[in-house]
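> Predicted model and sequence below, questions to follow.
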Amino acid sequence: MFFDIHSSLRLLGIHPWELKIPFDEQVWSIQFDVIKKSFSQKILAIGEIGLDRRHNGIASINFQEKILSWQLDWALEVNRPTIVHCVKSESDLLKILNAKKYKGRLLIHDFNGTIASAKSLLLYDCYFSFGPRLFDVHTKTHSVIKSIPIDRLFFEKNEHSTKSLEDVYNCAAKILKLEKLQLEDQIFKNLLNFFSYSNDISSTDIINDFSNTST
Ligand SMILES: [Zn+2]
């Protein structure tokens, strides 16, 4: 079975792309209270939350950091991991984690940072997901994925790519020099481990959430 970590439907959070300009902190503070009130035990993770230095028309990185910071604290309160969108802002994310001495669990999806930033992030309870970018031999992704422990890995599809989730798994198995089945088993274990962070979520809940997109 293949699992697309970027496909969970049971998430709650404010994505940085939602923070359109002109940014009004007070409006978002009220909006955040509304989101917090809609939390239920069914929510598997807080996400997608994060930082994006490339996307146009959204709040400055300082404001993005503020909203992310609120949400990281909230994730700890409700005992949930976070799914993090992080574009050209790994060092900004690390700055926040360092300042908080953050103890929560996070997953950075479609990770495109350097080996050095992956190493620093691994000092936290951080997981990483890779997608069709793995097929591009001109990116640093190949060396980066090899620097990450296999029990911190996930994979994902991308709607803009023709590569299937299975293609992504196969490509990763080749890069990591692993048997395909061994990798599948490991990612399944990672999936249960990642979300069972909170002991009120059962394995069945987790598998059901991902069964729409797994094959
Ligand atoms: Zn994203």
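Perfect, I can see it now. Source: prediction; values computed, not measured.

> all strands of this structure, in order?
With DSSP state E, the ranges of strands along the chain come out as 11-12, 45-52, 82-87, 105-109, 125-130, 153-155.

> got these as a markdown table, with mean pLDDT columns?
Listed next are the strands of the chain as a markdown table, based on pLDDT from 0 to 100:
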| stretch | mean pLDDT |
| --- | --- |
| strand 11-12 | 95 |
| strand 45-52 | 97 |
| strand 82-87 | 98 |
| strand 105-109 | 97 |
| strand 125-130 | 98 |
| strand 153-155 | 98 |
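
> Make TSV from the ones you listed and add mean neighbour count to it.
For glycine as for every other residue, the C-beta is placed from the backbone atoms N, C-alpha and C. Converted to TSV, those look like this (neighbours: other CB atoms under 10 Å):
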stretch	mean neighbour count
strand 11-12	19
strand 45-52	24
strand 82-87	24
strand 105-109	23
strand 125-130	23
strand 153-155	23
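
> Mind putting those strands into CSV with distance to Trp70?
Output for these, formatted as CSV (distance: least, CB to CB, whole Å):
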stretch, distance to Trp70
strand 11-12, 13
strand 45-52, 9
strand 82-87, 12
strand 105-109, 15
strand 125-130, 19
strand 153-155, 25
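
> how about these, which one is nearest Ser203?
The closest of these to Ser203 is strand 45-52. By CB to CB, the value is 15.2 Å.

> and of the strands of the chain, who's closest to Asp136?
Using CB to CB as the measure, strand 125-130 is the one of the strands of the chain that comes nearest Asp136, at 11.2 Å.

> same for the closest one, what does it pack against?
In this structure, strand 125-130 packs against strand 105-109, helix 141-146, strand 153-155, with contacts taken as 3 or more CB pairs under 8 Å, 6 or more residues apart in numbering; DSSP states H and E.

> Distance to Val168 added to those, as JSON lines?
Putting the helices and strands packed on strand 125-130 into JSON lines (distance: least, CB to CB, whole Å) gives the following:
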{"stretch": "strand 105-109", "distance to Val168": "13"}
{"stretch": "helix 141-146", "distance to Val168": "11"}
{"stretch": "strand 153-155", "distance to Val168": "5"}
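
> still on that earlier bit, select, out of the strands of the chain, the one closest to Gln71.
Gln71 lies closest, by CB to CB, to one member of the strands of the chain: strand 45-52, at 4.5 Å.

> Just the CA coordinates for the closest one, please, in PDB.
Provided in PDB are the C-alpha atoms of strand 45-52 (Å, rounded to 0.1, in the frame of the first residue of the first chain):
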ATOM      1  CA  ALA A  45      -3.100  17.000  12.600                       C
ATOM      2  CA  ILE A  46      -2.800  20.800  12.600                       C
ATOM      3  CA  GLY A  47      -2.100  21.800   9.000                       C
ATOM      4  CA  GLU A  48      -1.300  22.900   6.500                       C
ATOM      5  CA  ILE A  49       0.500  25.600   8.400                       C
ATOM      6  CA  GLY A  50       3.800  27.200   7.500                       C
ATOM      7  CA  LEU A  51       5.900  29.800   5.800                       C
ATOM      8  CA  ASP A  52       6.400  30.800   2.100                       C
END
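
> quick thing: my sequence starts at 37, can you match it?
Right, with 37 as the first residue, what we last looked at is strand 81-88.
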